[in-house]
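Requesting a structural model of the entry that follows:
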Amino acid sequence: MTSNPPKQHTLYYAHDPMCSWCWGFKPQWQKLKEALPDTVTTQYVLGGLAPDTNDPMPEPMQQMLQQTWHQITQTIPGTQFNHDFWSLNTPRRSTYPACRAVLAAQAQNDAFEEPMITAIQEAYYLHAQNPSDDTVLIKLADSIGCDVNAFKQTLHSPANMAALKDNIQLTRHLGAQGFPSLFFEVVGKPPTPIAFNYADIQPVLDQIDTAIAA
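Numbers count the residues shown, from 1 in each chain. Predicted structure coming up:
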């Protein structure tokens, strides 16, 4: 009987669940994870694009983000956005709540991490719901099978706040200049940035193979 090789190396994915370019990258990210060598594991790192605020998003920023959505649609064919979001909600430039929601779900079970990210993205980009609102995040946690009471208790807990701070510090330590960003850590060596595009995963796989062989 043979066992799988140990996962010695780590591919870090620095992201934010409310980052529209991360939404555009999602199909390639899924393909990339499936194509990675058995010796490579993945780790999400939350970047925290925008801190907590109850202030409405300024109109110029709303217009800039709407233009970004159109730009992504043109750059990454097949990416869908529900532009009703901007008329149905009072947008806030606040992504920390969504980041904490991912960590609160993960605190219950690691298996909830990725479903929570996906639930937030789909609620925001496809269903015109606002993931800056706790009420939305709680419903999403319930939809993926989380214990809702435990989720509510964890969402704003000091431990969860500290976990987000640790994630943000790690993204800075890795050197992320924007999201999404990829960094590859060969066991025993410091992480290095990995260049990628939104259409082809092969360049990433080639860089990983080269780093492992070095």
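
Show me which residues of stretch 33-50 are buried.
By neighbour count on 16 or more other C-beta atoms under 10 Å, the buried set for stretch 33-50 is 36, 40, 44-50. C-beta here means a position set from N, CA and C on the backbone, and glycine is covered the same way.

Using CSV, please lay out those together with secondary structure and pLDDT.
Listed next are the buried residues of stretch 33-50 as CSV, based on DSSP: H, G, I helix; E, B strand; the rest coil; pLDDT from 0 to 100:
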residue, secondary structure, pLDDT
L36, coil, 97
V40, strand, 97
Y44, strand, 98
V45, strand, 98
L46, strand, 98
G47, coil, 96
G48, coil, 96
L49, coil, 96
A50, coil, 97
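
between those, which is nearest G188?
V40 (14.5 Å; C-beta to C-beta).

Angles on the backbone of the residue lying closest to the closest one once chain neighbours are set aside, please.
Closest residue in space to V40, ignoring its immediate chain neighbours: H9 at 4.8 Å, by C-beta to C-beta, 6 or more residues apart in numbering. Main-chain dihedrals, H9, degrees, to the nearest 10: phi -110, psi 160.

from now on call the first residue 23
Yep, numbering from 23; the last one is H31 now.

Can you get me a residue count around H31?
19 (other C-beta atoms under 10 Å).

Tell me how far it lies from E56.
Using C-beta to C-beta, to the nearest Å, we find H31 at a distance of 16 Å from E56.

Ok, A163 next?
Look at A163 and E56: by C-beta to C-beta, they are 26 Å apart.

Kindly report the same for P113.
Per C-beta to C-beta, P113 is found 34 Å from E56.

So what touches the helix or strand where L186 lies?
Assessed by DSSP states H and E, L186 sits inside helix 180-196. With contact meaning C-beta atoms under 8 Å, 6 or more residues apart in numbering, helix 180-196 is reached by 34, 36, 67-70, 118, 121-122, 125-126, 129, 176, 203, 205, 213, 215.

Please narrow the residues you listed to those residing in helices.
Among the contacts of helix 180-196, the members found in helices (DSSP state H) are 118, 121-122, 125-126, 129, 176.

With distance to N182, neighbour count and pLDDT as new columns, can those be given to me in TSV?
Putting the ones in helices among the contacts of helix 180-196 into TSV (distance: C-beta to C-beta, whole Å; neighbours: other C-beta atoms under 10 Å; pLDDT from 0 to 100) gives the following:
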residue	distance to N182	neighbour count	pLDDT
Y118	11	20	98
C121	10	27	98
R122	5	24	98
L125	5	23	98
A126	6	27	98
A129	7	20	98
T176	5	22	98
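
which of those sit farthest apart?
Distances among the ones in helices among the contacts of helix 180-196 were taken as C-beta to C-beta; the most separated pair is Y118 and A129, at 16.0 Å.

circling back to that earlier point, could you list the buried residues of the helix holding L186?
For helix 180-196, burial by neighbour count (16+ other C-beta under 10 Å) applies to 182, 185-186, 189-190, 192-193, 196.

you'd agree I234 is in a helix?
Yes. Counting by DSSP: H, G, I helix; E, B strand; the rest coil, I234 is located in a helix.
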